[in-house]
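[1] Build me a model:
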Amino acid sequence: MKAADAAAATTTSTTTLLSSPYKRSNKAKGESNDDNVVANKKIGVHGTGGVYYGKVSFTKWTLDDVVYVAKYHRMPCVFGAGLLFFMYVEYTLRMVPDSSPPFDLGFVVTQSFHRALASWPELNTLLAALNTVFVGMQSVYIIGTWLIEGRPRAIIAALFMFTCRGILGYSTQLPLPQEFVGSGMDFPVGNVSFFLFFSGHVAGSVIASLDMRRMQRCGLAWLFDTLNVLQAVRLLGTRGHYTIDLAVGVGAGILFDLLAGKYVESKRKSALVSGTTKKRVC
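    Numbers count the residues shown, from 1 in each chain. Take a look at the predicted model:
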């Protein structure tokens with residue numbers, strides 16, 4: 001009896017996995033699950049509404065299958081449309097001549113803000129000072145997670161990130177925008193040379209924000225995210241970074257936080273294995 005029950009449970013589990021929540025039958029009404037399982041295999045879905053990695057032939061899709069995918073898998077459809085749109089843009093766009101400055105959409109959007117900063121040095125100095133304070137807040141938090149709380153993930157992520165930033169920044173040295181509006185109160189202080197790609201300001205803030213969320217410090221995380229957005233607008237307004245520097249800075253913060261997490265976890269597992277081995281030897 002136990003073997004039969006186990007087999008029945010396995011069959012039920014498999015059927016549930018393959019059945020779509022949107023096309024699942026109602027046994028109370030006497031309907032069969034078999035047709036739904038076959039249909040779901042055909043259109044490639046499983047019980048969570050995701051993709052079923054089975055043998056799916058796109059050429060056999062019906063109009064209902066296309067409508068289903070468009071309705072329940074909207075994000076891939078949006079990205080697919082984006083692919084087609086930017087393929088058209090890429091192959092029809094005139095490239096910027098080498099005698100012209102780079103085109104940056106962020107610079108276009110912040111043109112009025114840039115004029116205000118260029119014509120009002122006191123405002124530029126104030127915002128630069130506030131931004132430097134924010135960078136200091138990031139640094140204090142990240143270092144504090146290790147020195148005070150004993151959690152090394154954030155500082156390892158920052159070390160990974162700044163090392164990679166240095167390698168990429170040196171490998172491809174982008175020209176400083178001609179309209180750059182500097183300030184002695186900015187960080188690095190004194191307008192010394194700096195790498196444009198990618199933004200360490202933005203990436204460091206993302207690393208700190210992700211750590212705050214892990215520790216359930218959601219209010220502080222939202223504050224950092226808001227200040228990071230304002231920081232990005234200011235960096236575009238002063239022409240201290242290109243838009244691509246800021247966008248990659250966000251991705252870099254997320255990436256190096258994940259890599260640091262994997263590193264810390266691997267060391268934890270190694271320590272556990274080493275401790276187990278020592279106990280066995282003793």
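
[2] Averaged pLDDT, the host helix or strand of T145. What do you get?
    Using DSSP states H and E, T145 sits in helix 121-147. Mean per-residue pLDDT for helix 121-147: 95.

[3] what is the mean pLDDT for the helix or strand just after it?
    The helix or strand immediately downstream of helix 121-147 is helix 153-171, counting by DSSP H and E. The average pLDDT for helix 153-171 rounds to 96.

[4] Tabulate the CA atom coordinates of the helix or strand following helix 153-171 in CSV.
    Reading on from helix 153-171 to the C-terminus, the next helix or strand found by DSSP H and E is helix 200-214. The C-alpha trace of helix 200-214 is given here as CSV (Å, rounded to 0.1, in the frame of the first residue of the first chain):
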residue,chain,number,x,y,z
GLY,A,200,32.3,54.2,-8.5
HIS,A,201,29.9,56.7,-6.8
VAL,A,202,26.9,54.9,-8.1
ALA,A,203,28.2,51.4,-7.7
GLY,A,204,29.3,52.0,-4.1
SER,A,205,25.9,53.3,-3.2
VAL,A,206,24.2,50.2,-4.7
ILE,A,207,26.5,47.9,-2.7
ALA,A,208,25.6,49.7,0.5
SER,A,209,21.9,49.7,-0.3
LEU,A,210,21.8,46.0,-1.1
ASP,A,211,23.5,45.3,2.3
MET,A,212,20.9,47.4,4.1
ARG,A,213,18.1,45.4,2.5
ARG,A,214,19.7,42.1,3.6
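
[5] So which elements touch helix 200-214?
    The criterion is 3 or more C-beta pairs under 8 Å, 6 or more residues apart in numbering; DSSP states H and E, and the helices and strands that helix 200-214 contacts are helix 121-147, helix 153-171, helix 218-237, helix 243-281. (C-beta placed from N, C-alpha, C; glycine too.)

[6] Out of the ones you listed, flag the one nearest E179.
    helix 218-237 (10.0 Å; C-beta to C-beta).

[7] list the helices and strands the closest one packs on?
    Checked by 3+ C-beta pairs under 8 Å, 6+ apart, helix 218-237 has helix 105-109, helix 111-119, helix 121-147, helix 200-214, helix 243-281 packed alongside it.

[8] Look up how far T145 lies from the residue lying closest to S199 once chain neighbours are set aside.
    Distances taken as C-beta to C-beta, 6 or more residues apart in numbering put G249 closest to S199, at 3.6 Å, once the chain neighbours are dropped. Per C-beta to C-beta, to the nearest Å, G249 is found 20 Å from T145.

[9] Which one of these two is surrounded by more residues?
    G249 (26 against 22; other C-beta atoms under 10 Å).

[10] residues contacting that one?
    F198, S199, G200, H201, V202, A203, V206 (C-beta atoms under 8 Å, 6 or more residues apart in numbering).

[11] Make CSV out of those residues and add pLDDT and neighbour count.
    Below are the contacts of G249 laid out as CSV (pLDDT from 0 to 100; neighbours: other C-beta atoms under 10 Å):
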residue, pLDDT, neighbour count
F198, 93, 25
S199, 94, 28
G200, 94, 23
H201, 94, 23
V202, 97, 24
A203, 97, 30
V206, 98, 25
